[in-house]
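Student: build me a model from this:
(chains A, B and C)
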Amino acid sequence: MPSGVTLLQVEAVADLATRLGGVVDPPIAGLRIERICAPADASGGPELLVLNSSRYLAATLATGSPVLCSEKLAAKVPAGRRWIHAQVMWAVAKLLNVEAERRGRHPSARVHPGAQLAEDVEVHAGAVIAEGVRIGPHSLVSENAVLYPGVELGARVVVGPLAVVGRPGFGWARGPDGSLMRIPHRGGVVVGDDVEIGPLCTVDAGTLGPTRIGAGTKLDAHVHVGHNVVIGAGTMVAAQAGFAGSAVVGERTLVGGQAGIADHVQIGAGARIAAQSGVIGDIPPGETVAGFPAVARDRFFRAMAHLLKLPDVERA
Amino acid sequence: MPSGVTLLQVEAVADLATRLGGVVDPPIAGLRIERICAPADASGGPELLVLNSSRYLAATLATGSPVLCSEKLAAKVPAGRRWIHAQVMWAVAKLLNVEAERRGRHPSARVHPGAQLAEDVEVHAGAVIAEGVRIGPHSLVSENAVLYPGVELGARVVVGPLAVVGRPGFGWARGPDGSLMRIPHRGGVVVGDDVEIGPLCTVDAGTLGPTRIGAGTKLDAHVHVGHNVVIGAGTMVAAQAGFAGSAVVGERTLVGGQAGIADHVQIGAGARIAAQSGVIGDIPPGETVAGFPAVARDRFFRAMAHLLKLPDVERA
Amino acid sequence: MPSGVTLLQVEAVADLATRLGGVVDPPIAGLRIERICAPADASGGPELLVLNSSRYLAATLATGSPVLCSEKLAAKVPAGRRWIHAQVMWAVAKLLNVEAERRGRHPSARVHPGAQLAEDVEVHAGAVIAEGVRIGPHSLVSENAVLYPGVELGARVVVGPLAVVGRPGFGWARGPDGSLMRIPHRGGVVVGDDVEIGPLCTVDAGTLGPTRIGAGTKLDAHVHVGHNVVIGAGTMVAAQAGFAGSAVVGERTLVGGQAGIADHVQIGAGARIAAQSGVIGDIPPGETVAGFPAVARDRFFRAMAHLLKLPDVERA
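Tutor: As a prediction, this is how the structure comes out:
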């Protein structure tokens, strides 16, 4: 496995910048680029280094290769070898992107005849799609994923491998005789356009109304979304985070890895929930929180720093 | 996807109460109910609102629809429109429940001929059941789940989609030459009656004796149960919680989401483990704990409140 | 399900010790052993008890059966019935190990003709292996696991059931117009010899260079390894732990259950990361850390002990 990626088309840096934007130092404008790679993987060949963190500055400076970097990092790279771009990783994405080959439905996928899929929906090997599921155009259901009845996906939705969408939520009711009974969940799941549900995620069906994931929201791997949760549009959720039943999350929220949101909690739009936070109360819009119980991030870290510096804590 | 659920049978509120219990305010006794829904989804039609939290009181009061509510919340709802019930969510469950259609074994399921399944066990698409597995009556193995040799399931057990039961536990032994060797786990898994193992759960096989899950215990999604763990009957485990090897959990314990229980720890019957707790020592019966390391819940929250209110923590 | 395991071959304790090492008290040297079990499962028959924790000492002393134990525990067991061994669990592993039957490739597995598998690689039911994947000899891909293009596995690698290796990492770039675009991940995953990837794990593909897992490293269930992470050889990772993008983990590191490692963090060789730790800064080689933010383990526990003992925390 070579480190770095060989481009499908060899182009001069100036031509790349014409297509993708940014400013190129004149000495490298005519250089033809065959591959792109991380600074640590520089080989001295016709390659473009991607500098996206000052951590990799030393490795970058040890080479003479052209460098794609942000304006902020550009000041630390010698002039004459920089392609300065306001959105470095977007440019990398564009450089790497290739037209995905169309793959259609795998013969081992089990799509119920009563499911309604737009004509071009791809369904990969071993996926199971139940009766009544509806899926919009340009969507993809990956390997061994399972969609239960009552699931509605918008356009350009990606369901990752082994994800489970629409299984009945984990709700139980105790009867007059003390016995435990599963509450049926018939509200389904409604997923907006351009959503990605990562591998091994679970999105549970709502009880009466649906569980909702807003347009453009992206869930990383192993995320759990409980019944009747509402996640606003444009939200990003990192791996292994979990949302308990009926939590409401505003638009454009960022949720860190392994964070947990308690049931019925409301999180305002644009909030940022640090990794491993335990959110058990409502969070105002735009707030950044951390810790358990989650409070303003700076306050949490000041508290822990204070505690760790006490004399009888610091002594060996 | 309409919010709310249309009932299979239209009935008057008084008739519902005759069947399911509770007390109905006379003015609504004769009203015929076609659907049930959350207060926020009220349409003004022939519907029953389910009020299960004071959070939804305002939405309820903004409508004139009949309301199914607990005695505690009943005091806040105007008389004349209440169906007061001691177990609201149980009544909802009964209203929503429909006779599940019998589905049998999917042709793509792979059941080893040496597995012993009661006649009516359902096995869904893509599930894999190994030689020697035994499953009691009225049980269900969901899509793409995998049961390994040495697994014994009782009656009315539900194994969720993509769950893995009985894979060898994660135990390794270092030999005289320093090399690492997997410890075989041949003790299997014994699961009692009426257990639910959620989607994407793992329950590992024991080394010599079995890993055990007691009757009536319910595991939500993404739960990990290590080798030789013993979980008592009637325990509820929320999503993404994990139990390390040989932990012992008493009956009727509640374990919150993302909680972790260390290896060999013993948890007494009826204990309550808050979400995200890290339990590294034994817990007495009936105790409620939180935090890492987990201590009495009130003490943990008092400690965090104290810390967060110190002057040099509070200042911006 | 009997507790304990019947051995395939009946042997005298002295013969077992000749093969596996350790010192046997003379009175039990000639005893022929038919089964091995935990002390609590002793039946009084021709069995060997495995004593691997002082927790089980009372149960051991309540019987007269021979006991396999470490030197440390041997002092607490009456002389005359001990087989003392320096690596007790390794000896148990050897006793239990049986030649695994060769099972080959299941007909329901979907292996792309463009994948390159060594001749003896086993592929179980429902597994999906994409074009270009390369797998070394004596490896196993378990039920319903999914391997994406760009994955290279060494020799004797085990991929657990429902694991996902090589799906594109969770990286997104915002374009000049504010729209969000997935960064392609074409760096693949390189997995060394003797690695185990547990059930329901995800190992994401790198962006330009590969995500790497060093030889002999073992991942328990539900572990998430983000794009471009590098995990050194001989590392052990417990269940539900997660590594964010570009984290670098040294050799022979121990990572506890539910621990989280932030992106770009570097962890030195031989470090020990306690369960539920949240590591957001670099960790020196050999350090033992705990808590969030993770600091030296002793310091974290002293801090929590101090906090929990303050007068206004302790009062009811």
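
Student: am I right that A:Ala271 is in contact with A:Gly256?
Tutor: No: using CB atoms under 8 Å as the test, A:Ala271 is too far from A:Gly256 to be in contact (11.3 Å). (Glycine included, C-beta is placed from N, CA and C.)

Student: who touches the longest helix seen in chain A?
Tutor: For chain A, the helix that runs over the most residues, judged by DSSP state H, is helix A:297-308. With CB atoms under 8 Å, 6 or more residues apart in numbering or on different chains as the test, helix A:297-308 has contacts from A:272, A:274, A:288-291, A:294, A:313-314, B:307-308, B:310, B:312-314, B:316, C:291-293, C:295, C:299-300, C:303, C:306-307.

Student: mind giving me the ChimeraX command for buried ones among those?
Tutor: Applying 16 or more other CB atoms under 10 Å in any protein chain shown to those, the buried members can be selected in ChimeraX as follows:
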select /A:272,274,288,289,290,291,294,313 /B:307,308,313 /C:291,292,293,295,299,300,303,306,307
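
Student: thinking again about what came up before, tell me what angle the longest helix of chain A forms with helix B:297-308.
Tutor: 100 degrees (axes from the mean of the first three to the mean of the last three CA atoms, to 10 degrees).

Student: do whichever helix or strand comes after helix A:297-308 and chain C meet at all?
Tutor: Using DSSP states H and E, the helix or strand that follows helix A:297-308 towards the C-terminus is helix A:311-314. Yes: with CB under 8 Å from any CB of the partner chain as the criterion, chain C is reached by helix A:311-314 at A:312-314.

Student: stretch A:271-286 now?
Tutor: Yes: using CB under 8 Å from any CB, stretch A:271-286 reaches chain C at A:275-276.

Student: from start to finish, how long is that stretch in a straight line?
Tutor: This stretch, stretch A:271-286, spans 4 Å end to end (CA to CA, to the nearest Å).

Student: buried stuff in stretch A:116-134?
Tutor: Quick answer for stretch A:116-134 (16+ other CB under 10 Å): A:117, A:121-130, A:132-134.

Student: and what of stretch A:14-26?
Tutor: Of all the residues in stretch A:14-26, those buried under the rule 16+ other CB under 10 Å are A:15-17, A:20-22, A:24-25.

Student: is the lowest-mean-pLDDT helix or strand in chain A anywhere near chain C?
Tutor: Lowest on mean pLDDT, DSSP states H and E among the helices and strands of chain A sits strand A:5-12, with a mean of 74. Yes: applying CB under 8 Å from any CB, one finds strand A:5-12 touching chain C at A:Val5.

Student: so what's the residue nearest to A:Cys37 when sequence neighbours are not counted up against?
Tutor: Spatial nearest neighbour of A:Cys37, excluding adjacent residues (CB to CB, 6 or more residues apart in numbering or on different chains): A:Gly4 at 2.8 Å. Each residue near A:Gly4 by CB under 8 Å, 6+ apart is listed here: A:35-38, A:41, A:43, A:47, C:208-209.

Student: turn the residues you listed into CSV, columns for distance to C:Tyr56 and neighbour count.
Tutor: As requested, those are arranged in CSV below (distance: CB to CB, whole Å; neighbours: other CB atoms under 10 Å in any protein chain shown):
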residue, distance to C:Tyr56, neighbour count
A:Arg35, 59, 18
A:Ile36, 58, 23
A:Cys37, 55, 23
A:Ala38, 51, 22
A:Asp41, 52, 18
A:Ser43, 58, 13
A:Glu47, 60, 22
C:Leu208, 52, 25
C:Gly209, 48, 22
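
Student: per-residue pLDDT, the residue of chain A positioned farthest from its centre?
Tutor: Here chain A reaches farthest from its C-alpha mean at A:Asp177, the gap being 45.2 Å by CA atoms, centre = their mean. pLDDT recorded at A:Asp177 is 76.

Student: coming back round to it: in strands, which of the buried residues of stretch A:14-26 appear?
Tutor: Using DSSP state E, the members of those that fall in strands are A:Val24.

Student: pLDDT check: weakest of the buried residues of stretch A:14-26?
Tutor: Checked by pLDDT, the buried residues of stretch A:14-26 have A:Leu20 as the lowest-scoring entry (87).

Student: thinking again about what came up before, so which of the contacts of A:Gly4 comes closest to chain B?
Tutor: Chain B has its nearest neighbour among the contacts of A:Gly4 in C:Gly209, at 27.6 Å by CB to the nearest CB.

Student: against which helices or strands is the least confident helix or strand of chain A packed?
Tutor: strand A:32-37 (3 or more CB pairs under 8 Å, 6 or more residues apart in numbering or on different chains; DSSP states H and E).

Student: partner strands of the strand it packs on, with direction?
Tutor: According to DSSP bridges, strand A:32-37 forms sheet pairs with strand A:5-12 (antiparallel), strand A:47-51 (parallel).

Student: buried deepest among the ones you listed, which one?
Tutor: strand A:47-51 (a mean of 24; mean count of other CB atoms under 10 Å in any protein chain shown).

Student: just the CA coordinates for that one, please, in CSV.
Tutor: Extracted C-alpha coordinates of strand A:47-51, given in CSV (Å, rounded to 0.1, in the frame of the first residue of the first chain):
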residue,chain,number,x,y,z
GLU,A,47,4.0,15.4,-5.5
LEU,A,48,2.0,17.9,-3.6
LEU,A,49,2.2,17.8,0.2
VAL,A,50,-0.9,18.6,2.2
LEU,A,51,-0.1,20.6,5.3
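
Student: does whichever helix or strand comes after it reach chain C?
Tutor: Next in sequence after strand A:47-51, counting helices and strands by DSSP H and E, comes helix A:57-61. No: using CB under 8 Å from any CB, helix A:57-61 stays clear of chain C, coming no nearer than 12.2 Å.

Student: quick one, phi/psi of A:Ser65?
Tutor: Dihedral angles phi and psi of A:Ser65 (degrees, to the nearest 10) take the values phi -70, psi 160.

Student: what's the local residue count around it?
Tutor: Per other CB atoms under 10 Å in any protein chain shown, the neighbour tally for A:Ser65 reads 20.

Student: ok, the closest residue to A:Val157 other than its chain neighbours to A:Val189 distance?
Tutor: Leaving aside its sequence neighbours, A:Val157 sits nearest to A:Ser139 (CB to CB, 6+ apart; 4.4 Å). Per CB to CB, to the nearest Å, A:Ser139 is found 14 Å from A:Val189.

Student: no more questions from me, cheers.
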